[in-house]
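S.K.: let's see this in three dimensions:
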Amino acid sequence: MEGRYPNGLLLAITNCTDDSRLDEFNYWYNHMHVPDVTGPGVFRHAIRFANSDPASPAGQYVATYETDWEEVEKAMPAHREASDRIRAGADRGTPLIQPVTVGVFKRRGGEFNAAAKPSLGILVVLSNCKDTHDEKEFNRWYEDVHVPDILDSGAFHTAYRYESTDPEATKAKYLAIYETENRDPSAAREKMGELRDDWRARGRLYDGIDVVASLTAHRIWPMD
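M.R.: Residues are numbered from 1 along each chain as shown. You can find the predicted model right below:
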């Protein structure tokens, strides 16, 4: 998001169903699907990434779309209604896409470091609090301890935190996205991982987090 911290985020993690047709899939996604998503004006600033680990069960591709709607939970219904009017039943889909995790998230938490720097790679973490009675403590730890520790590592320069408008659909209530200028975000994650033993020794980790999915991905579109 490169320094923007929008009120809402549409996250789409997908697979291509045929590896021999990846070029076709990506052309469709970039030049047909993204314009269709952003055309109604509810979502904008589309950025696409490819998983650093193509075999990851979390999904091959990540797309983020931003919205400034105050009532974030109404953004997707409004988008669908506008899309139906614009396309009037035209078939602009593809059998090559397989959704893995798709959902709208609303911004939560305070201001983290949001640097206006290029986002060449991201770390995406979808999570839940294991005990819903501890969510206040969980969120305090995440925002006051965990995010600052990750940013202080120097591996990632920006952090954003969101809450799902439909946790049953996304299978995770919370979304965190970290951006890096490193074209190999897996290397950035390894750098952060080297600090985990120290974090644990100093009581900086939280055992009550349930990580539903986690992946690093490098930017593939648009490229400046």
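
S.K.: okay, CA-based contacts and neighbour counts for the rest of this
M.R.: Fine.

S.K.: how about Arg204, phi and psi?
M.R.: phi -100, psi 0 (degrees, to the nearest 10).

S.K.: quick one: the helices in this structure, in order.
M.R.: 22-28, 34-38, 75-87, 135-141, 147-152, 167-170, 185-193, 196-201 (DSSP state H).

S.K.: now render those helices as CSV, adding distance to Ala50 and mean pLDDT.
M.R.: Output for the helices of the chain, formatted as CSV (distance: least, CA to CA, whole Å; pLDDT from 0 to 100):
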stretch, distance to Ala50, mean pLDDT
helix 22-28, 10, 97
helix 34-38, 15, 95
helix 75-87, 24, 87
helix 135-141, 29, 96
helix 147-152, 22, 93
helix 167-170, 19, 97
helix 185-193, 11, 92
helix 196-201, 25, 95
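
S.K.: would you turn the ones you listed into CSV with mean neighbour count?
M.R.: Formatted as CSV, these follow (neighbours: other CA atoms under 10 Å):
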stretch, mean neighbour count
helix 22-28, 15
helix 34-38, 17
helix 75-87, 14
helix 135-141, 15
helix 147-152, 17
helix 167-170, 14
helix 185-193, 18
helix 196-201, 12
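
S.K.: out of those, nearest to Tyr61?
M.R.: Closest to Tyr61 of the helices of the chain, according to CA to CA: helix 22-28, at 9.7 Å.

S.K.: confidence-wise, which helix or strand of this protein is lowest on average?
M.R.: Least confident helix or strand, the chain: helix 75-87 with a mean of 87, by mean pLDDT, DSSP states H and E.

S.K.: which residues of the chain score low on pLDDT?
M.R.: By pLDDT under 70, the low-scoring segments of the chain are 86-89, 111, 113-114, 224.

S.K.: related to what we said a few turns ago, want to throw the helices of the chain into JSON lines with distance to Pro99?
M.R.: Listed next are these as JSON lines, based on distance: least, CA to CA, whole Å:
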{"stretch": "helix 22-28", "distance to Pro99": "13"}
{"stretch": "helix 34-38", "distance to Pro99": "15"}
{"stretch": "helix 75-87", "distance to Pro99": "16"}
{"stretch": "helix 135-141", "distance to Pro99": "28"}
{"stretch": "helix 147-152", "distance to Pro99": "28"}
{"stretch": "helix 167-170", "distance to Pro99": "11"}
{"stretch": "helix 185-193", "distance to Pro99": "23"}
{"stretch": "helix 196-201", "distance to Pro99": "32"}
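
S.K.: of all the ones you listed, which lies closest to Thr216?
M.R.: Nearest to Thr216, of all those, is helix 185-193, at 5.8 Å by CA to CA.

S.K.: distance between that closest one and the chain's centre?
M.R.: Helix 185-193 has its C-alpha centroid displaced from the chain centroid by 17 Å (CA atoms, centre = their mean, to the nearest Å).

S.K.: so what does that helix touch, helix or strand wise?
M.R.: If you count contacts as 3 or more CA pairs under 8 Å, 6 or more residues apart in numbering; DSSP states H and E, helix 185-193 packs onto strand 121-129, strand 209-221.

S.K.: okay, the ones you listed in JSON lines with distance to Leu11 and mean neighbour count next?
M.R.: Shown next, in JSON lines, are the helices and strands packed on helix 185-193 (distance: least, CA to CA, whole Å; neighbours: other CA atoms under 10 Å):
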{"stretch": "strand 121-129", "distance to Leu11": "10", "mean neighbour count": "22"}
{"stretch": "strand 209-221", "distance to Leu11": "13", "mean neighbour count": "19"}
